[in-house]
Structures are given as C-alpha cells and as structure tokens.
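# The sequence and its predicted three-dimensional model are supplied below.
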Amino acid sequence: MVARVGDRNAFGLRVTAVQGRMVDLECETCGERGTVAAQEFQSTRCGSDRCASSQGRAE
C-alpha cells in the first residue's frame, strides 16, 4: 500500500507529507509529529507521554 497525504492508520496517526520512502505523521490525539518509513506507517503508534500509556488498550 502506498501512503498518501491524509491517510490515517488504526492508531490515529495521519500522513502530512510523503518524502520518497518516508512519511511525516501527526497524531490526531495529541498533535505530536514524527517521521517513519512508509512501509511501517500502518503499524506505527504515537510514542508521546500523553498517548503511549493508552495505546493498545482499546484495540
């Protein structure tokens, strides 16, 4: 799957930019931003202090 700007994963991360094989992400819950390899987008979770303690419990 090719990630595109605006795509969202199951953990509430939204693609804000695509740069080659990397994607910029923004957490819709806390606003934290980061960059990951596009192939890891679907399994990436927010690692901020605000989100990390709750992710994985509501799946």
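Happy to help now that I have it.
# Strand partners (parallel or antiparallel) of the host helix or strand of V36?
Assigned by DSSP states H and E, V36 belongs to strand 33-37. Each strand paired with strand 33-37, and its direction, by DSSP bridges: strand 22-27 (antiparallel).
# Point out where this structure drops to low pLDDT.
Scanning the chain for pLDDT under 70 picks out 1, 53-59.
# Now do the helices in it.
49-52 (DSSP state H).
# Quick check: closest non-adjacent residue to the spatially most central residue of it.
Residue closest to the mean C-alpha point of the chain, counted by Cα atoms, centre = their mean, is L13 at 3.2 Å. Nearest residue to L13, sequence neighbours excluded (Cβ to Cβ, 6 or more residues apart in numbering): L25, at 4.5 Å. For glycine as for every other residue, the C-beta is placed from the backbone atoms N, C-alpha and C.
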